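**Q** I need the structure of the sequence given here:
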Amino acid sequence: MRPIRTCGAEINISIAPMRQKNKPSKSPVVGIVDSPAALSTALKLPAGSVDFLEWRADCLPSGLRIPSSRFPWILTVRHPLEGGKRKLSSPQRREIFAGLLPAAELVDIELRSFASLAGIIGSARSRQIRVIASFHDFKKTPASGKLRDLAARARDEGADIFKLATRTESPADVRRLLDLFQSPPLPLAVMGMGPLGFGSRVLFAQCGSVLNYGWLHRPNVPGQWPAVELKRILASEEMRG
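**A** This is a model prediction of the structure:
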């Protein structure tokens, strides 16, 4: 695979796993709780295994409450067109968000849902819960112009973080995502999915991705690291250099 020069170094985007050391990572790692099995794993994780846990309410049994944990929670109820599992309507999503919001430190709402979930966003801000504006494309990485427009819209909507996850099949896809880290309008959480997902996720973390997601029970998209392994990789001396 041809290397990409970025962040002051030439890095091959097909990065392989390497030996790890127990040191804190530079970029926060999020463990995804998207099933009862993942929840069981999450509640047994020792301190330092991850930095956040994400509660995927659209994947979990209806009525399940967010438990207390040593890790802060990110709450999301994903839109069906961006990977939501239970095809929930906007009123159903609003109800779920409202019931679980008090347990969250951050809330993740798709840009497409900012209007329909404006009340939830207002409630989050009144509780000083940070708001992530997200965009997911499981088929491609959009053109650079669209990516910049999405980031600018997230900023204009008052989001604290813009989270972007797209399918990465070529070095050009990865480059377009990397370009966003040049003078970004707000903090970015960037992830690749698909063939170049593994390498690009580590690369984006090195370049400043403020949240980096991994699985706890099984991957829910191609190219996703186990969360605990990703934490170790980002903490390693090799990746720091």
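**Q** nearest residue to the middle of the chain?
**A** Y213 (4.7 Å; Cα atoms, centre = their mean).
**Q** now for T141, how many residues are close by?
**A** Neighbourhood size, T141 [other Cβ atoms under 10 Å]: 26. To be clear about C-beta, it is placed using only N, CA and C from the backbone, and glycine gets the same treatment.
**Q** circling back: ok, the residue nearest to the centre of the chain to W225 distance?
**A** Applying Cβ to Cβ, to the nearest Å, the value for Y213 to W225 is 9 Å.
**Q** repeat that for A152.
**A** 29 Å.
**Q** same question for S123.
**A** 33 Å.
**Q** of the two, who's got more company?
**A** W225 (24 against 16).
**Q** give me the nearest residue to H79, chain neighbours excluded.
**A** The spatial neighbour of H79 that comes closest, neighbours along the chain excluded (Cβ to Cβ, 6 or more residues apart in numbering), is E110 at 4.9 Å.
**Q** neighbours around the nearest residue to R86 once chain neighbours are set aside, how many?
**A** Leaving aside its chain neighbours, R86 sits nearest to D58 (5.2 Å; criterion: Cβ to Cβ, 6+ apart). Residues near D58, counting by other Cβ under 10 Å, number 20.
**Q** before we move on, the earlier item: ok, the residue nearest to the centre of the chain - contacts?
**A** V29, V30, I32, E54, A189, M191, Q224, A227 (Cβ atoms under 8 Å, 6 or more residues apart in numbering).
**Q** let me know whether E105 touches I66 as I believe.
**A** No - E105 lies out of contact with I66 (Cβ atoms under 8 Å); the separation is 10.8 Å.
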